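> this is the structure alone, sequence omitted:
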(Lines give C-alpha, C1' and ligand atoms only; values in the text may rest on other atoms or scores of the structure.)
Protein backbone atom coordinates (compact mmCIF):
# COMPACT_ATOMS: atom_id res chain seq x y z
CA UNK A 1 0.00 0.00 0.00
CA UNK A 2 1.41 3.40 -0.99
CA UNK A 3 1.66 6.20 1.60
CA UNK A 4 -0.90 8.97 1.36
CA UNK A 5 0.36 12.24 -0.09
CA UNK A 6 -2.75 14.25 0.79
CA UNK A 7 -3.69 14.33 4.51
CA UNK A 8 -7.26 14.59 5.79
CA UNK A 9 -8.36 18.23 5.44
CA UNK A 10 -8.56 19.92 8.82
CA UNK A 11 -11.74 21.77 7.83
CA UNK A 12 -13.56 18.44 7.62
CA UNK A 13 -12.36 17.20 11.01
CA UNK A 14 -14.62 19.60 12.88
CA UNK A 15 -18.37 20.23 12.60
CA UNK A 16 -19.76 23.10 10.58
CA UNK A 17 -22.79 24.98 11.85
CA UNK A 18 -24.98 26.54 9.18
CA UNK A 19 -26.48 29.88 10.30
CA UNK A 20 -30.15 30.69 9.96
CA UNK A 21 -30.86 33.55 7.57
CA UNK A 22 -33.93 35.19 6.14
CA UNK A 23 -33.62 34.46 2.44
CA UNK A 24 -35.45 37.41 0.91
CA UNK A 25 -33.48 37.49 -2.32
CA UNK A 26 -34.70 36.12 -5.67
CA UNK A 27 -34.09 32.54 -4.53
CA UNK A 28 -33.63 30.09 -3.01
CA UNK A 29 -36.29 30.80 -0.44
CA UNK A 30 -36.39 29.52 3.13
CA UNK A 31 -37.40 25.90 3.59
CA UNK A 32 -40.18 25.50 6.19
CA UNK A 33 -39.83 22.81 8.90
CA UNK A 34 -42.46 20.57 7.30
CA UNK A 35 -40.45 20.31 4.07
CA UNK A 36 -37.14 19.93 5.94
CA UNK A 37 -38.67 17.06 7.92
CA UNK A 38 -39.91 15.42 4.74
CA UNK A 39 -36.45 15.62 3.19
CA UNK A 40 -34.87 14.02 6.27
CA UNK A 41 -36.89 10.80 5.97
CA UNK A 42 -35.01 7.50 5.44
CA UNK A 43 -33.32 6.94 2.10
CA UNK A 44 -35.02 4.66 -0.41
CA UNK A 45 -33.77 3.13 -3.61
CA UNK A 46 -34.48 5.37 -6.58
CA UNK A 47 -36.75 2.78 -8.20
CA UNK A 48 -38.32 1.27 -5.07
CA UNK A 49 -42.10 1.00 -5.20
CA UNK A 50 -42.46 3.78 -2.61
CA UNK A 51 -40.17 6.10 -4.59
CA UNK A 52 -42.17 5.43 -7.74
CA UNK A 53 -45.34 6.27 -5.79
CA UNK A 54 -43.77 9.54 -4.64
CA UNK A 55 -42.83 10.31 -8.27
CA UNK A 56 -46.45 9.70 -9.29
CA UNK A 57 -47.63 12.06 -6.54
CA UNK A 58 -45.20 14.67 -7.85
CA UNK A 59 -46.55 14.34 -11.38
CA UNK A 60 -50.09 14.91 -10.08
CA UNK A 61 -48.92 17.91 -8.09
CA UNK A 62 -47.17 19.44 -11.10
CA UNK A 63 -50.27 18.97 -13.24
CA UNK A 64 -52.26 20.87 -10.63
CA UNK A 65 -49.67 23.64 -10.25
CA UNK A 66 -49.35 24.01 -14.04
CA UNK A 67 -53.09 23.48 -14.70
CA UNK A 68 -52.43 20.82 -17.34
CA UNK A 69 -53.58 17.32 -18.26
CA UNK A 70 -50.31 16.53 -20.06
CA UNK A 71 -49.17 12.94 -19.67
CA UNK A 72 -45.55 14.03 -20.27
CA UNK A 73 -45.11 15.71 -16.90
CA UNK A 74 -42.12 15.09 -14.63
CA UNK A 75 -39.31 16.69 -12.61
CA UNK A 76 -35.81 17.00 -14.03
CA UNK A 77 -32.98 16.12 -11.64
CA UNK A 78 -31.29 19.50 -11.48
CA UNK A 79 -32.04 23.23 -11.11
CA UNK A 80 -34.15 25.37 -13.41
CA UNK A 81 -31.25 25.60 -15.87
CA UNK A 82 -31.50 21.83 -16.35
CA UNK A 83 -35.18 22.14 -17.22
CA UNK A 84 -34.38 24.97 -19.64
CA UNK A 85 -31.81 22.80 -21.38
CA UNK A 86 -34.16 19.80 -21.32
CA UNK A 87 -36.80 21.85 -23.12
CA UNK A 88 -34.45 23.31 -25.73
CA UNK A 89 -32.24 20.27 -26.31
CA UNK A 90 -35.21 17.97 -26.92
CA UNK A 91 -37.27 20.22 -29.17
CA UNK A 92 -34.60 21.90 -31.30
CA UNK A 93 -32.22 20.36 -33.83
CA UNK A 94 -29.13 21.93 -35.36
CA UNK A 95 -30.01 24.39 -38.11
CA UNK A 96 -33.58 25.01 -36.96
CA UNK A 97 -34.81 28.53 -36.31
CA UNK A 98 -35.75 29.58 -32.79
CA UNK A 99 -37.07 32.87 -31.44
CA UNK A 100 -36.06 34.07 -27.98
CA UNK A 101 -37.73 36.97 -26.17
CA UNK A 102 -35.04 38.76 -24.18
CA UNK A 103 -36.33 41.05 -21.45
CA UNK A 104 -33.82 39.92 -18.84
CA UNK A 105 -31.10 37.39 -18.17
CA UNK A 106 -33.17 34.24 -18.71
CA UNK A 107 -33.81 35.06 -22.36
CA UNK A 108 -30.07 35.63 -22.74
CA UNK A 109 -29.35 32.22 -21.20
CA UNK A 110 -31.91 30.46 -23.41
CA UNK A 111 -30.39 32.07 -26.50
CA UNK A 112 -26.93 30.83 -25.55
CA UNK A 113 -28.18 27.30 -24.94
CA UNK A 114 -29.89 27.19 -28.34
CA UNK A 115 -26.83 28.65 -30.02
CA UNK A 116 -24.59 25.98 -28.50
CA UNK A 117 -26.56 23.20 -30.19
CA UNK A 118 -26.39 24.86 -33.59
CA UNK A 119 -29.81 26.46 -33.78
CA UNK A 120 -30.42 29.61 -35.79
CA UNK A 121 -31.09 31.96 -32.89
CA UNK A 122 -33.23 35.02 -33.46
CA UNK A 123 -34.07 37.43 -30.66
CA UNK A 124 -36.46 40.21 -29.86
CA UNK A 125 -35.08 42.48 -27.17
CA UNK A 126 -36.63 45.10 -24.93
CA UNK A 127 -35.24 47.23 -22.13
CA UNK A 128 -35.04 46.02 -18.54
CA UNK A 129 -38.38 46.51 -16.82
CA UNK A 130 -40.40 46.29 -20.03
CA UNK A 131 -42.27 43.53 -21.87
CA UNK A 132 -43.43 42.68 -25.39
CA UNK A 133 -46.79 43.26 -27.00
CA UNK A 134 -48.50 40.42 -28.83
CA UNK A 135 -48.16 42.42 -32.05
CA UNK A 136 -44.38 42.57 -31.62
CA UNK A 137 -44.27 38.84 -30.98
CA UNK A 138 -46.44 38.04 -34.01
CA UNK A 139 -44.27 40.17 -36.30
CA UNK A 140 -41.20 38.23 -35.15
CA UNK A 141 -42.95 34.87 -35.55
CA UNK A 142 -43.92 35.77 -39.12
CA UNK A 143 -40.41 37.01 -39.92
CA UNK A 144 -38.28 34.21 -38.46
CA UNK A 145 -40.65 31.22 -38.74
CA UNK A 146 -39.19 29.50 -35.66
CA UNK A 147 -39.92 25.97 -34.48
CA UNK A 148 -39.78 27.25 -30.88
CA UNK A 149 -40.55 30.56 -29.14
CA UNK A 150 -39.10 31.11 -25.65
CA UNK A 151 -40.56 33.57 -23.15
CA UNK A 152 -39.87 34.20 -19.47
CA UNK A 153 -43.10 34.51 -17.48
CA UNK A 154 -41.50 35.82 -14.28
CA UNK A 155 -38.23 37.62 -15.09
CA UNK A 156 -36.52 37.65 -11.71
CA UNK A 157 -33.63 39.82 -12.93
CA UNK A 158 -35.93 42.75 -13.74
CA UNK A 159 -39.07 42.05 -11.70
CA UNK A 160 -41.39 41.77 -14.71
CA UNK A 161 -44.40 39.47 -14.89
CA UNK A 162 -44.89 39.03 -18.64
CA UNK A 163 -48.44 38.73 -20.01
CA UNK A 164 -49.16 35.26 -21.46
CA UNK A 165 -52.68 35.48 -22.89
CA UNK A 166 -52.93 35.11 -26.67
CA UNK A 167 -49.30 34.17 -27.27
CA UNK A 168 -49.96 30.43 -27.44
CA UNK A 169 -52.54 30.96 -30.17
CA UNK A 170 -50.06 33.08 -32.13
CA UNK A 171 -47.37 30.41 -31.85
CA UNK A 172 -49.71 27.71 -33.08
CA UNK A 173 -50.86 29.95 -35.93
CA UNK A 174 -47.25 29.98 -37.15
CA UNK A 175 -46.66 26.27 -36.40
CA UNK A 176 -44.32 27.07 -33.52
CA UNK A 177 -43.99 25.55 -30.06
CA UNK A 178 -44.47 27.91 -27.10
CA UNK A 179 -41.90 27.45 -24.29
CA UNK A 180 -42.39 29.34 -21.02
CA UNK A 181 -39.97 29.75 -18.10
CA UNK A 182 -42.02 30.21 -14.92
CA UNK A 183 -39.28 29.48 -12.39
CA UNK A 184 -39.78 32.71 -10.45
CA UNK A 185 -43.55 33.04 -10.92
CA UNK A 186 -45.11 29.56 -10.63
CA UNK A 187 -47.43 29.43 -7.63
CA UNK A 188 -47.18 33.17 -7.10
CA UNK A 189 -48.97 34.40 -10.23
CA UNK A 190 -51.72 32.87 -12.39
CA UNK A 191 -50.73 30.61 -15.28
CA UNK A 192 -52.87 28.04 -17.09
CA UNK A 193 -50.74 25.79 -19.27
CA UNK A 194 -53.50 24.11 -21.27
CA UNK A 195 -55.90 27.04 -21.54
CA UNK A 196 -53.11 29.44 -22.56
CA UNK A 197 -51.73 27.11 -25.22
CA UNK A 198 -48.32 26.62 -23.61
CA UNK A 199 -46.45 23.67 -25.13
CA UNK A 200 -43.59 23.42 -22.63
CA UNK A 201 -43.60 24.89 -19.13
CA UNK A 202 -41.03 24.52 -16.38
CA UNK A 203 -40.23 25.87 -12.94
CA UNK A 204 -37.84 25.27 -10.05
CA UNK A 205 -38.27 23.72 -6.62
CA UNK A 206 -36.59 26.50 -4.64
CA UNK A 207 -38.91 29.45 -5.19
CA UNK A 208 -42.61 29.48 -4.22
CA UNK A 209 -42.54 25.71 -3.60
CA UNK A 210 -39.98 26.34 -0.80
CA UNK A 211 -38.13 23.06 -1.42
CA UNK A 212 -34.32 22.87 -1.65
CA UNK A 213 -32.80 23.55 -5.09
CA UNK A 214 -32.20 20.50 -7.28
CA UNK A 215 -35.49 19.42 -8.86
CA UNK A 216 -37.24 21.18 -11.74
CA UNK A 217 -40.86 20.40 -12.68
CA UNK A 218 -41.53 20.41 -16.43
CA UNK A 219 -44.42 19.45 -18.72
CA UNK A 220 -44.75 18.89 -22.48
CA UNK A 221 -47.89 19.11 -24.61
CA UNK A 222 -48.82 16.52 -27.23
CA UNK A 223 -47.66 18.96 -29.91
CA UNK A 224 -44.27 19.22 -28.24
CA UNK A 225 -44.00 15.45 -27.85
CA UNK A 226 -44.79 14.92 -31.54
CA UNK A 227 -41.92 17.24 -32.48
CA UNK A 228 -39.55 15.63 -29.99
CA UNK A 229 -40.25 12.02 -30.87
CA UNK A 230 -40.04 12.64 -34.62
CA UNK A 231 -36.55 14.16 -34.58
CA UNK A 232 -34.03 13.29 -37.27
CA UNK A 233 -31.17 13.28 -34.75
CA UNK A 234 -30.78 12.32 -31.10
CA UNK A 235 -30.79 15.13 -28.52
CA UNK A 236 -27.29 16.34 -27.70
CA UNK A 237 -27.70 15.39 -24.01
CA UNK A 238 -28.08 11.79 -22.90
CA UNK A 239 -28.96 12.88 -19.37
CA UNK A 240 -31.78 15.16 -20.56
CA UNK A 241 -33.07 12.94 -23.39
CA UNK A 242 -36.84 12.95 -22.96
CA UNK A 243 -37.23 9.42 -24.35
CA UNK A 244 -35.24 8.19 -21.33
CA UNK A 245 -36.81 10.59 -18.83
CA UNK A 246 -40.31 9.69 -20.01
CA UNK A 247 -39.69 6.05 -19.19
CA UNK A 248 -37.92 6.81 -15.91
CA UNK A 249 -40.93 8.87 -14.80
CA UNK A 250 -43.56 6.45 -16.14
CA UNK A 251 -44.84 8.86 -18.77
CA UNK A 252 -44.48 6.60 -21.83
CA UNK A 253 -47.10 3.97 -21.01
CA UNK A 254 -44.56 1.16 -20.76
CA UNK A 255 -45.05 -1.35 -17.91
CA UNK A 256 -41.42 -1.24 -16.72
CA UNK A 257 -39.33 1.78 -15.76
CA UNK A 258 -35.71 1.38 -16.84
CA UNK A 259 -32.67 2.71 -15.01
CA UNK A 260 -31.54 6.02 -16.50
CA UNK A 261 -29.89 7.82 -13.60
CA UNK A 262 -30.06 7.85 -9.82
CA UNK A 263 -32.56 10.57 -9.04
CA UNK A 264 -32.30 12.88 -5.99
CA UNK A 265 -34.49 10.71 -3.78
CA UNK A 266 -34.63 12.97 -0.72
CA UNK A 267 -35.06 15.94 -3.03
CA UNK A 268 -38.15 14.22 -4.36
CA UNK A 269 -39.50 13.87 -0.82
CA UNK A 270 -39.08 17.63 -0.39
CA UNK A 271 -40.59 18.49 -3.78
CA UNK A 272 -43.61 16.30 -3.05
CA UNK A 273 -44.14 18.12 0.24
CA UNK A 274 -43.84 21.54 -1.40
CA UNK A 275 -46.43 20.55 -3.98
CA UNK A 276 -48.64 19.15 -1.21
CA UNK A 277 -48.55 22.47 0.65
CA UNK A 278 -49.49 24.29 -2.57
CA UNK A 279 -52.39 21.86 -3.13
CA UNK A 280 -53.61 22.33 0.46
CA UNK A 281 -53.31 26.11 0.19
CA UNK A 282 -55.01 26.19 -3.20
CA UNK A 283 -53.63 27.92 -6.27
CA UNK A 284 -56.07 30.81 -6.13
CA UNK A 285 -55.25 31.43 -2.48
CA UNK A 286 -51.52 31.29 -3.17
CA UNK A 287 -51.82 33.73 -6.07
CA UNK A 288 -53.88 36.11 -3.91
CA UNK A 289 -51.44 35.85 -0.99
CA UNK A 290 -48.47 36.80 -3.15
CA UNK A 291 -50.38 39.62 -4.86
CA UNK A 292 -51.62 41.10 -1.56
CA UNK A 293 -48.23 40.90 0.16
CA UNK A 294 -46.44 42.39 -2.86
CA UNK A 295 -48.86 45.33 -2.98
CA UNK A 296 -48.41 45.88 0.76
CA UNK A 297 -44.64 45.89 0.21
CA UNK A 298 -44.88 48.30 -2.72
CA UNK A 299 -46.94 50.75 -0.67
CA UNK A 300 -44.38 50.62 2.13
CA UNK A 301 -41.51 51.26 -0.25
CA UNK A 302 -43.25 54.25 -1.81
CA UNK A 303 -43.98 55.69 1.65
CA UNK A 304 -40.22 55.53 2.29
CA UNK A 305 -39.62 57.51 -0.90
CA UNK A 306 -38.18 54.54 -2.81
CA UNK A 307 -39.11 53.97 -6.44
CA UNK A 308 -40.26 50.72 -8.01
CA UNK A 309 -38.31 49.71 -11.12
CA UNK A 310 -41.28 48.32 -13.07
CA UNK A 311 -43.58 51.25 -13.74
CA UNK A 312 -46.56 49.29 -15.07
CA UNK A 313 -48.33 47.95 -11.97
CA UNK A 314 -49.90 45.06 -13.92
CA UNK A 315 -46.43 43.91 -15.01
CA UNK A 316 -44.90 43.74 -11.54
CA UNK A 317 -43.82 40.25 -10.54
CA UNK A 318 -45.46 39.53 -7.15
CA UNK A 319 -42.70 37.14 -6.06
CA UNK A 320 -39.64 39.30 -6.79
CA UNK A 321 -39.79 43.08 -6.39
CA UNK A 322 -37.21 45.32 -8.06
CA UNK A 323 -36.46 48.64 -6.37
CA UNK A 324 -34.58 51.40 -8.15
CA UNK A 325 -31.17 51.57 -6.49
CA UNK A 326 -31.36 54.62 -4.17
CA UNK A 327 -29.45 57.53 -5.75
CA UNK A 328 -26.17 58.36 -4.04
CA UNK A 329 -25.78 54.94 -2.41
CA UNK A 330 -23.66 51.98 -3.41
CA UNK A 331 -26.20 49.16 -3.76
CA UNK A 332 -23.75 46.52 -2.47
CA UNK A 333 -23.17 48.50 0.72
CA UNK A 334 -26.91 48.39 1.38
CA UNK A 335 -27.19 44.63 0.84
CA UNK A 336 -24.05 43.97 2.91
CA UNK A 337 -25.32 46.14 5.76
CA UNK A 338 -28.68 44.40 5.84
CA UNK A 339 -27.04 40.97 5.82
CA UNK A 340 -24.60 41.88 8.60
CA UNK A 341 -26.99 43.78 10.87
CA UNK A 342 -30.36 42.15 10.19
CA UNK A 343 -29.43 38.64 9.01
CA UNK A 344 -31.51 39.26 5.88
CA UNK A 345 -30.48 38.50 2.31
CA UNK A 346 -31.64 40.84 -0.44
CA UNK A 347 -29.85 41.13 -3.77
CA UNK A 348 -28.63 43.57 -6.35
CA UNK A 349 -29.39 43.40 -10.05
CA UNK A 350 -28.53 40.61 -12.48
CA UNK A 351 -27.82 40.76 -16.19
CA UNK A 352 -29.58 43.77 -17.71
CA UNK A 353 -30.38 45.19 -14.27
CA UNK A 354 -26.90 45.11 -12.71
CA UNK A 355 -26.24 48.33 -10.78
CA UNK A 356 -29.78 49.52 -11.38
CA UNK A 357 -31.90 47.76 -8.75
CA UNK A 358 -32.24 46.01 -5.44
CA UNK A 359 -34.19 42.74 -5.66
CA UNK A 360 -36.38 41.39 -2.87
CA UNK A 361 -38.02 37.98 -3.08
CA UNK A 362 -41.10 37.02 -1.06
CA UNK A 363 -42.05 33.51 -2.08
CA UNK A 364 -44.16 30.78 -0.52
CA UNK A 365 -43.78 30.78 3.27
CA UNK A 366 -41.70 33.97 3.04
CA UNK A 367 -44.60 35.90 1.50
CA UNK A 368 -46.08 37.51 4.63
CA UNK A 369 -46.75 41.06 5.77
CA UNK A 370 -44.66 40.43 8.87
CA UNK A 371 -41.65 39.72 6.65
CA UNK A 372 -42.40 42.85 4.65
CA UNK A 373 -42.27 44.90 7.85
CA UNK A 374 -38.89 43.34 8.69
CA UNK A 375 -37.50 44.24 5.27
CA UNK A 376 -38.81 47.81 5.36
CA UNK A 377 -37.26 48.32 8.78
CA UNK A 378 -33.94 46.88 7.56
CA UNK A 379 -33.97 49.11 4.46
CA UNK A 380 -34.70 52.21 6.52
CA UNK A 381 -31.86 51.35 8.88
CA UNK A 382 -29.46 50.76 5.97
CA UNK A 383 -30.34 54.06 4.32
CA UNK A 384 -29.73 55.81 7.64
CA UNK A 385 -26.32 54.28 8.23
CA UNK A 386 -24.83 53.59 4.78
CA UNK A 387 -22.66 56.20 3.11
CA UNK A 388 -24.52 58.55 0.78
CA UNK A 389 -22.54 60.47 -1.77
CA UNK A 390 -23.02 64.22 -1.80
CA UNK A 391 -22.30 64.34 -5.54
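Yes, it's here. Not measured: the values here are computed from a predicted model.

> tell me the secondary structure at the residue lying closest to residue 268 once chain neighbours are set aside.
Distance criterion C-beta to C-beta, 6 or more residues apart in numbering; nearest residue to residue 268, sequence neighbours excluded, is residue 54 at 5.5 Å. Just so you know, the C-beta spots here come from the backbone N, C-alpha and C atoms, and that holds for glycine as well. Following DSSP: H, G, I helix; E, B strand; the rest coil, we place residue 54 in the helix state.

> I'd say residue 54 and residue 273 touch.
No: under the criterion of C-beta atoms under 8 Å, residue 54 is not in contact with residue 273, lying 9.9 Å apart.

> who has more neighbours, the two?
residue 273 (25 against 19; other C-beta atoms under 10 Å).

> A helix includes the more buried one, no?
Yes: counting by three-state DSSP, residue 273 falls inside a helix.

> any idea how far residue 35 is from it?
5 Å (C-beta to C-beta, to the nearest Å).

> need the residues touching each of the two.
residue 211 (C-beta atoms under 8 Å, 6 or more residues apart in numbering).

> from the centroid of this protein, which residue is nearest?
residue 183 (1.7 Å; C-alpha atoms, centre = their mean).

> residues touching that residue, list them.
Counted by C-beta under 8 Å, 6+ apart, residue 183 has contacts 27, 80, 83, 106, 154, 156, 202, 203, 204, 207, 216.

> shaky segments in the stretch 251-391 of the chain?
Residues of the stretch 251-391 of the chain that meet the criterion pLDDT under 70 lie in 390-391.

> where along it do the helices fall?
All helices of the stretch 251-391 of the chain, identified by DSSP state H, counting those that start in this stretch, fall at 265-281, 283-303, 331-342, 369-385.

> still on that earlier bit, need the contacts of residue 183 in CSV with distance to residue 9, neighbour count and secondary structure, can you?
Output for those, formatted as CSV (distance: C-beta to C-beta, whole Å; neighbours: other C-beta atoms under 10 Å; DSSP: H, G, I helix; E, B strand; the rest coil):
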residue, distance to residue 9, neighbour count, secondary structure
27, 30, 22, coil
80, 32, 27, helix
83, 34, 25, helix
106, 37, 28, helix
154, 40, 29, strand
156, 36, 30, coil
202, 37, 25, strand
203, 37, 30, coil
204, 32, 28, coil
207, 34, 30, coil
216, 32, 26, strand
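
> for these, which one is nearest residue 356?
Within the contacts of residue 183, the smallest distance to residue 356 is 14.1 Å, found for residue 156 (C-beta to C-beta).

> hang on, the closest one packs against residue 29?
No: using C-beta under 8 Å, residue 156 is not in contact with residue 29; the gap is 11.7 Å.

> shared neighbours of those two, which are they?
Shared contacts of residue 156 and residue 29, defined by C-beta under 8 Å, 6+ apart, comprise residue 361.

> my read is that residue 322 contacts residue 359, right?
Yes: using C-beta under 8 Å, residue 322 is in contact with residue 359, at 5.5 Å.

> overlap in contacts, these two.
Taking C-beta under 8 Å, 6+ apart as the criterion, residue 322 and residue 359 both touch 159, 349, 353.

> pretty sure the second one is in contact with residue 357, am I right?
The one in question is residue 349. Yes: Residue 349 lies in contact with residue 357 (C-beta under 8 Å); the separation is 4.6 Å.

> now the nearest residue to residue 258 once chain neighbours are set aside: which helix or strand?
Closest residue to residue 258 apart from its sequence neighbours, by C-beta to C-beta, 6+ apart: residue 247 at 5.4 Å. Applying DSSP states H and E as the criterion places residue 247 in helix 242-248.

> and residue 186, what are its bridge partners?
When assigned by DSSP bridges, residue 186 has beta-bridge partners residue 189.

> now do the contacts for it.
Contacts of residue 186 (C-beta under 8 Å, 6+ apart): 65, 66, 153, 154, 203, 207, 208, 209, 217.

> columns distance to residue 147 on top of these, output as JSON lines?
Below are these laid out as JSON lines (distance: C-beta to C-beta, whole Å):
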{"residue": "65", "distance to residue 147": "27"}
{"residue": "66", "distance to residue 147": "22"}
{"residue": "153", "distance to residue 147": "20"}
{"residue": "154", "distance to residue 147": "24"}
{"residue": "203", "distance to residue 147": "23"}
{"residue": "207", "distance to residue 147": "29"}
{"residue": "208", "distance to residue 147": "30"}
{"residue": "209", "distance to residue 147": "30"}
{"residue": "217", "distance to residue 147": "23"}
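
> residue 6: which of the shared contacts of residue 322 and residue 359 is nearest?
Of all these, residue 349 has the smallest distance to residue 6: 40.9 Å, by C-beta to C-beta.

> show me what contacts that closest one?
Per C-beta under 8 Å, 6+ apart, neighbours of residue 349: 157, 322, 325, 331, 355, 356, 357, 358, 359.

> can you show me the helices along the stretch 51-200 of the chain?
Using DSSP H, counting those that start in this stretch, helices in the stretch 51-200 of the chain cover 80-91, 105-116, 134-144, 167-173.

> touching, residue 316 and residue 291? I think so.
No: using C-beta under 8 Å, residue 316 is not in contact with residue 291; the gap is 9.6 Å.

> ok, the two, which is more surrounded?
The neighbour count for residue 316 versus residue 291, taken as other C-beta under 10 Å, is higher for residue 316 (22 against 17).

> that one - nearest residue in space that isn't next to it in sequence?
Nearest residue to residue 316, sequence neighbours excluded (C-beta to C-beta, 6+ apart): residue 310, at 4.8 Å.

> how many neighbours does the one you found have?
Neighbours of residue 310 under the rule other C-beta under 10 Å: 23.

> report the contact partners of it.
Here residue 310 is in contact with 129, 158, 159, 160, 316, 317, 322 (C-beta under 8 Å, 6+ apart).

> separation between it and residue 324?
Noted for residue 310: a distance of 10 Å to residue 324, by C-beta to C-beta.
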